[in-house]
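K.L.:
next input, structure requested:
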Amino acid sequence: MRKFTKEDLAQYNGRNGASAFIAYRGTVYDLSDSFHWRSGVHQVLHNAGEDMTDSIYQAPHGEDLLKKFIVVGKFI
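P.N.:
The predicted structure follows:
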């Protein structure tokens with residue numbers, strides 16, 4: 001499984017044709033297919049290409065929602 005550093009993850013910010021990846025609790029998810037992550041931004045609060053471990057609590061849903069997305073690697 002691919003390993004992502006903070007710098008690697010930042011390249012997947014959903015902008016200019018890049019995929020939209022986020023990290024959560026050491027796992028990297030591909031959210032590119034979600035219309036909620038158009039242009040790499042979700043609800044003005046969250047940005048693709050970042051670790052969401054400390055900020056997912058701001059979302060109206062829990063971490064269970066991430067189960068529907070593809071796991072693309074580990075965040076180190």
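
K.L.:
any idea how far residue 45 is from residue 17?
P.N.:
Plainly put, residue 45 is 23 Å away from residue 17 if you go by Cβ to Cβ, to the nearest Å. C-betas here are computed from N, CA, C, even on glycine.

K.L.:
more neighbours: those two, which one.
P.N.:
Counted by other Cβ atoms under 10 Å, residue 45 and residue 17 do not tie: residue 45 has more neighbours, with 9 against 5.

K.L.:
so that one makes contact with residue 55?
P.N.:
Yes: counting by Cβ atoms under 8 Å, residue 45 sits close enough to residue 55 to count as a contact (7.4 Å).

K.L.:
leaving out the residues flanking it, which one is nearest to the residue nearest the centre of the chain?
P.N.:
Taking Cα atoms, centre = their mean, the centroid of the chain lies closest to residue 22, which sits 1.6 Å from it. Take residue 22 and drop its neighbours on the chain: the residue closest to it by Cβ to Cβ, 6 or more residues apart in numbering is residue 52, 4.9 Å away.
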